[in-house]
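**Q** Sequence first, then the predicted structure, then my questions.
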Amino acid sequence: MKRFLGKMFGVLLSVARLMSLIPATVVSAESTGMEKSLSRFRVFLDGDIIGLCEQGSSVFIDLDPDGVGDGDFLATGGAQSITISKGEEGYAEVVFGGNSKPILLANPDGYDAIWYEKGKGTSKEDPIIFSSISLFEAVERLIDNIPDETLKVDDEDLIVAAREAYDRLGDLAAEIDEDHTNKLLKAEETLLELKDKKAAQDVIDAIEALPENITLDNEDDIANARAALENLTEDQRKLVPADTIDKLEAAEADLAALKAEQGPSEEDLAAAQNVTDLLNQLPDPEEVTLGDAEKIANARQAVNKLTDEQRSLIEEGLLSKLKKDEDALKALQDEASDDDEDAALAKAVADKIAALPEPGDVTINDEYAINEAFVSYNDLTPDQKALISDELMAKLNSDLIALDLLLIDYYMDIGEKLLADYGSVMSADRKTELQEAMDNAKDVLNADALSRNDLENAMLDLVIALLKADEELEGIYTITDDSGAKWAQGSTTGLTFRIVQEGIDDDAYEFFEEGGCYIEVDGKKVDLSNFTYVEGSVIITLKPEFLTTLSVGEHTITFKFSNSSVTTKFTVVASQASNPANVPATGEVISTTAVAGASVIALAGVTLFLRKRYAVEKD
């Protein structure tokens, strides 16, 4: 059964897409009536029930009894429509017009429809007959169903059904003839006018129904009439005659006079007195504390529950006092909130400082924690800083001085090694700047009184001088122990060169890659397939297959980096007896290279924190 029904539903969709193949399709329905007040609708496909929909409810329908295809559909019941949808593959929608003639729209990507022809659908013997037509024709039929001269508000369903089908055509709606399009537009315009008139007339009727002699019993009717008038749109209100509005206002005035003459009721007096007692218990605005929050809130809640008549019995002075108390309480709450936030932020910084080592125990490894505590302190507002104890501030200052002394000594050592090992290749400006920074640092260290500001300025100048010197040295490369590099023809091993970048850190490998791994031999580029390169500074080996192509004799080789290049010579000899597997020595040219790898991380780290320190106000 499931496969059969699934196939039949697929056939139904195919009919909608290919309507020229079958002139009519038979579908039956069993209902309590096809009127607009439809409450049930049972759909048949050639006599097989595929689903029952209750008004306002949804049920799942299985249209795939034989297990072919998806087969799961959702049928949604409603007063005006029932939708049978099938995932992303398509859907069929039953739309009921006001004349009980439904249209079944199928194939969401096409423009076909199935139109109700006849039948009540009360049984399988009296099926509803649908015929396959184009969606364009269906739209025109729906518009034709709209009355021309006798349009009423009750005909809105007809207009909505026609509009939804029309809009389904999208840009192709332009193919609907002008007469039908204009009729739909005119009907929609007329419908709006009719609805405006009806809304206005309902208000007019409510006001005109008020008696000439108003009594207290008319209070609800007067209030309802006023509410209905206020709910009208501007255009709808213009339709209400002025004398009608005058009648409502006169009725309101008469009612107010009667209520004033009668005086407040015992109930109103009691309610007003209870609130008055609450208001009298409130403190004066200048005496409000956070503890009064519940009392003030209860008073406001009681006032809000009063009717207008009851509220009018409360002295304005008491209501004004309540408002001032509320304002005073809010100011206190805002201040308390700010104080709580200030205390929390200050405590977080105080905890960081308390966790730092004592000044005599500070090491370079404490650099991050000390600088981070300092930056966190400087991020506080003046009020928050005031919450940090003098004892903790003295500890932070002493730790900063101890750290600065260690770092200056550390960078002085690096500076001395740079001058000793690279002074001969440094420019005069870089060498002078570095030497002056080191001399200034020594003077600060040897001063009678240590100033944190002087220490940090001296360290900053020293770090800047070191970085400038290192930047200049980055472009200087050395081929270690390359004298007498030879390769003998017929050797199965390559020829290796080790290249070192001068300066604090050796990034020869990275700069070689950034330069495109470019090598020239005798002025001609060597393809990457003819050599290998690995880290260790950078170790480059020419493959024997490439060396075999070179002639016996001396050759020039150039290694290009992204910031510089270095050139040397090597020799191809005819006999293996001349050190065929010569590999240059791997010893370092400078003794500070081993120091560089360990020092550069600390140098970068302190530079970062120095920048942070000097980016904020120093205390």
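**A** Right, received. Where do you want to start?

**Q** from here on, contacts and neighbour counts on C-alpha atoms
**A** Will do.

**Q** how close does residue 137 sit to residue 291?
**A** For residue 137, the distance to residue 291 (Cα to Cα, to the nearest Å) stands at 75 Å.

**Q** out of the two, which sits in the busier spot?
**A** Comparing residue 137 with residue 291 by other Cα atoms under 10 Å, the one with more neighbours is residue 137, at 15 against 9.

**Q** correct me, but residue 332 touches residue 289?
**A** Yes. Contact between residue 332 and residue 289 holds when scored by Cα atoms under 8 Å: they sit 7.3 Å apart.

**Q** Residue 349: helix or strand, and which one exactly?
**A** Applying DSSP states H and E as the criterion places residue 349 in helix 316-354.

**Q** Buried residues in that helix, which are they?
**A** 318-319, 321-322, 324-326, 328-329, 342-343, 345-346, 349-350, 352-353 (16 or more other Cα atoms under 10 Å).

**Q** and that helix, average pLDDT?
**A** Helix 316-354 shows a mean pLDDT of 90.

**Q** And for residue 418, the neighbour number?
**A** When neighbours are counted by other Cα under 10 Å, residue 418 registers 24.

**Q** Please renumber the chain so that the first residue is 48 from this point on.
**A** Sounds good: first residue 48 from here, last item residue 465.

**Q** before we move on, what SS does it have?
**A** At residue 465, secondary structure determined by DSSP: H, G, I helix; E, B strand; the rest coil is helix.

**Q** wait, it sits on residue 549?
**A** No. No contact is recorded between residue 465 and residue 549 when judged using Cα under 8 Å, the distance being 9.7 Å.

**Q** Report the separation between residue 440 and residue 342.
**A** For residue 440, the distance to residue 342 (Cα to Cα) stands at 43 Å.

**Q** So which of these two has more stuff around it?
**A** A side-by-side neighbour count of residue 440 and residue 342, using other Cα under 10 Å, places residue 440 first with 17 against 14.

**Q** host element of that one?
**A** Under the criterion DSSP H and E, the helix or strand holding residue 440 is helix 437-469.

**Q** Buried ones in that helix, by neighbour count?
**A** Taking 16+ other Cα under 10 Å as the neighbour-count basis, helix 437-469 is seen to contain the buried residues 439-440, 442-456, 458-459, 461-462, 464-466, 468-469.

**Q** Same check on stretch 419-434?
**A** Residues of stretch 419-434 classed as buried by neighbour count (16+ other Cα under 10 Å): 419, 420, 421, 422, 423, 424, 425, 431, 432.

**Q** Out of the residues you listed, list just those in helices.
**A** Secondary structure of the buried residues of stretch 419-434 is defined by DSSP state H; positions in helices are 419, 420, 421, 422, 423, 424, 425, 431, 432.

**Q** now, the most widely separated pair of these?
**A** Checking these against each other with Cα to Cα, the farthest-apart pair comes out as 419 and 431, at 17.0 Å.

**Q** ok, back up a step: show me what the helix or strand that the helix holding residue 440 is followed by is packed up against.
**A** Per DSSP H and E, the first helix or strand lying C-terminal to helix 437-469 is helix 475-492. Using 3 or more Cα pairs under 8 Å, 6 or more residues apart in numbering; DSSP states H and E as the contact criterion, the secondary-structure elements in contact with helix 475-492 are helix 437-469, helix 499-520.

**Q** May I have the strands that pair with the helix or strand following the last one, each with its orientation?
**A** When you say that, I think you mean helix 499-520. Once the chain leaves helix 499-520, the next helix or strand it forms, by DSSP H and E, is strand 524-526. Taking DSSP bridges as the criterion, strand 524-526 sits next to strand 542-548 (antiparallel) in its sheet.

**Q** Was I right to think residue 380 contacts residue 336?
**A** No. At 9.2 Å, residue 380 does not count as touching residue 336 under the criterion of Cα under 8 Å.

**Q** What average pLDDT does stretch 187-199 get?
**A** Averaging pLDDT along stretch 187-199 gives 86.

**Q** which secondary structure elements does the helix holding residue 396 contact?
**A** Going by 3+ Cα pairs under 8 Å, 6+ apart, helix 363-401 lies up against helix 313-327, helix 340-351, helix 414-425, helix 429-432, helix 437-469.

**Q** Could you pull out the helices in the stretch 148-297 of the chain for me?
**A** If DSSP state H, counting those that start in this stretch is used as the criterion, the helices of the stretch 148-297 of the chain fall at 182-191, 203-215, 225-255, 266-277, 281-284, 289-309.

**Q** where in the stretch 148-297 of the chain is pLDDT low?
**A** Within the stretch 148-297 of the chain, the stretches falling below the threshold (pLDDT under 70) are 148-180.

**Q** my bad, should have said the stretch 398-547 of the chain
**A** Counting by pLDDT under 70, the stretch 398-547 of the chain contains low-confidence ranges at 528-531.

**Q** Just send the helices and strands packed on helix 363-401 back as a markdown table, with distance to residue 221 too.
**A** Output for the helices and strands packed on helix 363-401, formatted as a markdown table (distance: least, Cα to Cα, whole Å):
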| stretch | distance to residue 221 |
| --- | --- |
| helix 313-327 | 66 |
| helix 340-351 | 57 |
| helix 414-425 | 68 |
| helix 429-432 | 70 |
| helix 437-469 | 80 |
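
**Q** Of the ones you listed, give the one that comes closest to residue 216.
**A** helix 340-351 (54.0 Å).

**Q** C-terminal to the closest one, what's the next element?
**A** Counting by DSSP H and E, the next helix or strand C-terminal to helix 340-351 is helix 355-358.

**Q** average model confidence for that following helix?
**A** Model confidence over helix 355-358, given as mean pLDDT, is 86.
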